[in-house]
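Asker: I'll drop the sequence and a predicted model, then ask my questions.
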Amino acid sequence: MRFQIDKRDRLVIIKLNEDKLLSNLAPQLKSELVVLNNEGFRNIVLDLGDVQYVDSSGLSALLVGNRLCKEATGTFVLTGLNAHIQKLIKISQLEPILNIIPSLSESVDYVMMEELDRDLRT
């Protein structure tokens, strides 16, 4: 699986450099999400700007990332989704569960606002 990781102070950005997120790549993505979570990253932005197609295994990997971040009191954000992937998420009734933000910069801002909100509540 080809990807880039940008570790920042309060979040990590994963840019998936694949055109398809299928059953052959989903386990690797899940593993990477677990490793980052274990390293203490509770906020993950997954940039799917290069991804054209996702199957059910790929959706499962997205849900794993979402669950890991929620359990760590963090935020999981998807960005760069094309119309096909957005439609698949809608058909799968995952829109209310997943945070989908149009651009990478908006995603980073969203995560930072969530972090600020959590800091103010503690």
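Answerer: Great, that's in hand.

Asker: please count neighbours and contacts with C-alpha atoms only from this point.
Answerer: Fine.

Asker: flag every buried residue along stretch 82-101.
Answerer: Residues of stretch 82-101 classed as buried: 85, 88-89, 98-101 (neighbour count, 16 or more other C-alpha atoms under 10 Å).

Asker: format those residues as a markdown table; extra columns: secondary structure and pLDDT.
Answerer: A markdown table is the format used below for the buried residues of stretch 82-101 (DSSP: H, G, I helix; E, B strand; the rest coil; pLDDT from 0 to 100):
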| residue | secondary structure | pLDDT |
| --- | --- | --- |
| I85 | helix | 97 |
| L88 | helix | 95 |
| I89 | helix | 96 |
| L98 | coil | 98 |
| N99 | strand | 98 |
| I100 | strand | 98 |
| I101 | strand | 98 |
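
Asker: assign the spatially most central residue of the chain to helix, strand or coil.
Answerer: Nearest residue to the geometric centre of the chain (C-alpha atoms, centre = their mean): L46, 3.5 Å. When classified by DSSP: H, G, I helix; E, B strand; the rest coil, L46 comes out as strand.

Asker: correct me if wrong: it contacts T75.
Answerer: No. Between L46 and T75 there is no contact under C-alpha atoms under 8 Å: 10.9 Å.

Asker: quick one: the strands in this protein, in order.
Answerer: Remark: strands assigned in the chain by DSSP state E are 3-7, 12-16, 20-21, 44-47, 53-54, 76-79, 99-101.

Asker: and of the buried residues of stretch 82-101, the nearest to E115?
Answerer: N99 (14.5 Å; C-alpha to C-alpha).

Asker: tell me the bridge partners for the closest residue to the closest one other than its chain neighbours.
Answerer: Distances taken as C-alpha to C-alpha, 6 or more residues apart in numbering place V77 nearest to N99, at 4.9 Å, with adjacent residues excluded. Beta-bridge partners for V77, by DSSP bridges, are V45, N99.
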